[in-house]
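# Model the following, please.
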Amino acid sequence: MNNKILDCIKGNNSNYTPIWFMRQAGRYLPEFREIRKKNPNFIKLCLNPNLVNEITLQPLKRFDIDAAIIFSDILMIPYGLGQEVKFEKGFGPILGNINLDNIINTDPVDFVEKLLPVYKGIEKVKSNLKQKELIGFVGAPWTLLLYMLNKSSPKNNFDFNKINKDKFLINRLLKKLEEIICLHVDKQIEAGANIIQIFDSWAGLLPEKELPNYCYVPILKIVEHIKSKKIPVICFPKGIGKNYIDFCSTVKPDCISIDYEIDPKWIKDKLRGIPIQGGLDPKILLGDKEIIKQSTEKYLNIFKDYPYIFNLGHGVLPEIKPETIKYIIKLVREKK
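Residues are numbered from 1 along each chain as shown. Take a look at the predicted model:
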C-alpha cells in the first residue's frame, strides 16, 4: 500500500513529496468529457456507482499520483436533504427554494438511502484501488449554507447582511448541516475513504469578525468527529488570508491546504510543523513551461524537508492540458 500522503501528514519521510490534484478527475480530461457528453445530468452522474468508479480512476490511469479523490460534489448534501440541485452549463449550480422544516426534519436514514449510490461508488473505487489512498470529502457548513440560501454560486451575488439577517434560520441550518456532514463523512469512511478533506470554498467571503462563528467553530466540530474515527483530516478554508493561522490554532487540522494568495514561506514559518498542502495557482498551468517549472520548484524548494503535499491552490481548470499535469508530476518526482 502506498501510504505516502498519510506518512507525510504524520510527519514521516520528509524526503518524498506526495502529489495529487484537486479536481484531478474532471473536465480537462478528454475521457471525462466523453462520459459527460452521454450523461448531461450531473447529479445523476454522481449517483452512478459504475461511472463514479470509472471517473475517479481516470487520472490514476494517466498519471503517477499518490491518491484518488472520489468523484462527487459538495452539493450532494443539499440534494440529500431534499433541496433541488441542478447544474447549468456555463452557469454552475442552481438550487431550489429552501424548505427549512423539511430539511431540519430529514431523517438520517432517508439521507443515507438517497446517497447510497455515492457510497456504493466509493466501495467500487476502493476495491479497484489496490495501492493508493482514497480521499473522501465534504463541504464545510458555511459554504453549504451559503449555496443553500443563495441558491447559486455566491461569486457574483453575495451580501453577508442579507444572508445573516435571520439568525434563527442560520443557527438551525448550521446545526443540521454539522450533523449531516458528520454522517456523510462516516459513510464515506465505512465505504473505504481513508483521508477526508473539508472544503470551505467560500470562507473568504466572511467578514473577519465572523470567521470564528461561521468557519472555525462549525469545522472544529466536524474535525473532532473525524479524528475520533482515527482518520486524518485536511482542511481548505479558501481565501481567509492571514487568518489561516487562527484557523489552524483553533481547528487543529491534521493538514492545512493553502490557496494561491498565501505566501508559502510566510505560512511555513508561522505554522511550524503542521503539514501543508497545495498553493500553486492553477492559472500558472496555462502559461509556458519555464514559468510552470519556476513556480513548481519555488514551492518544492520552500517546503524542502517540511511535511508538504504538492497540490494546487484550487482545482484543476478545464482549460489545462493533461500534458501539463504530467509535466508537473515529472518535476515533483525528479526534485531531490
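
# helix or strand for the nearest residue to I222 once chain neighbours are set aside, which one?
Counting by C-beta to C-beta, 6 or more residues apart in numbering, I222 lies nearest to I181, which is 5.5 Å off, once chain neighbours are set aside. Where C-beta positions appear, they are placed from N, C-alpha and C, glycine not excepted. For I181, the host element (DSSP states H and E) is helix 167-191.

# can you pull the buried residues of that helix?
Neighbour counts using 16 or more other C-beta atoms under 10 Å place 170, 173-174, 176-189, 191 of helix 167-191 among the buried residues.

# How far off centre is it?
Helix 167-191 has its C-alpha centroid displaced from the chain centroid by 16 Å (C-alpha atoms, centre = their mean, to the nearest Å).

# swap in stretch 245-259?
Worked out by C-alpha atoms, centre = their mean, stretch 245-259 lies 14 Å from the chain centre.

# which residues are in contact with that stretch?
Stretch 245-259 has contacts (C-beta atoms under 8 Å, 6 or more residues apart in numbering) with 8-9, 22, 197-198, 211-212, 215-217, 219-220, 223, 227, 232-240, 244, 264, 267, 270-271, 274-279, 307, 309, 311, 313-314.

# In this structure, where is pLDDT below threshold?
The chain contains residues with pLDDT under 70 at 1, 13-14, 336.

# Residue nearest the middle of it, spatially speaking?
Of all residues in the chain, the one closest to the mean position by C-alpha atoms, centre = their mean is F199, 4.4 Å from it.

# Would you mind confirming that that one makes contact with G136?
No - using C-beta atoms under 8 Å, F199 is not in contact with G136; the gap is 11.5 Å.

# and Y16, helix, strand or coil?
coil (DSSP: H, G, I helix; E, B strand; the rest coil).

# Likewise for the one 5 residues further on?
Three-state assignment for F21 (three-state DSSP): coil.

# Same check on I234?
Following three-state DSSP, the label given to I234 is strand.

# what does the one 10 residues further on give?
Taking three-state DSSP as the rule, one finds Y244 in the helix state.

# how close does it sit to I219?
Noted for Y244: a distance of 13 Å to I219, by C-beta to C-beta, to the nearest Å.

# any shared contact partners between these two?
P237.

# Could you list which residues are in contact with the residue nearest to I222?
With C-beta under 8 Å, 6+ apart, I181 has these contacts: I77, V138, G139, A140, P141, L144, I222.

# Verify the contact between the fourth one and K238 for me.
No - at 9.8 Å, A140 and K238 do not qualify as touching, with contact defined as C-beta under 8 Å.

# Give me the common contacts of these two.
F199, D200, S201, A203.

# Just read off the phi/psi values of the first one.
So the one you mean is F199. phi -100, psi 110 (degrees, to the nearest 10).

# where's it relative to K10, distance?
F199 is 22 Å from K10, by C-beta to C-beta.

# which stretches of the stretch 1-150 of the chain form helices?
4-9, 30-38, 42-46, 49-62, 76-80, 100-104, 108-114, 116-128, 141-150 (DSSP state H, counting those that start in this stretch).

# And the longest one, how far out from the chain middle?
Chain-centre distance of helix 49-62: 17 Å, with C-alpha atoms, centre = their mean.

# Dump it to CSV, keeping only the CA atoms.
Extracted C-alpha coordinates of helix 49-62, given in CSV (Å, rounded to 0.1, in the frame of the first residue of the first chain):
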residue,chain,number,x,y,z
PRO,A,49,-21.5,3.9,-8.9
ASN,A,50,-20.0,2.4,-12.1
LEU,A,51,-19.3,5.8,-13.6
VAL,A,52,-18.1,7.3,-10.3
ASN,A,53,-15.6,4.4,-10.2
GLU,A,54,-14.5,5.0,-13.8
ILE,A,55,-14.1,8.7,-13.5
THR,A,56,-12.4,8.6,-10.1
LEU,A,57,-9.8,6.2,-11.6
GLN,A,58,-9.2,8.0,-14.9
PRO,A,59,-6.4,10.3,-13.6
LEU,A,60,-4.7,7.4,-11.9
LYS,A,61,-4.5,5.5,-15.3
ARG,A,62,-2.8,8.5,-16.8
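
# by contact count, what packs against that helix?
helix 30-38, helix 42-46, strand 67-69, helix 116-128, helix 322-334 (3 or more C-beta pairs under 8 Å, 6 or more residues apart in numbering; DSSP states H and E).

# In strands, which of the contacts of stretch 245-259 appear?
The strands, defined by DSSP state E, take in Q197, I198, V233, I234, C235, F236, I276, Q277, G278, I309 from these.

# I'd guessed the fifth one sits against I222; true?
No - the criterion here is C-beta under 8 Å, and C235 misses it with I222 at 9.2 Å.
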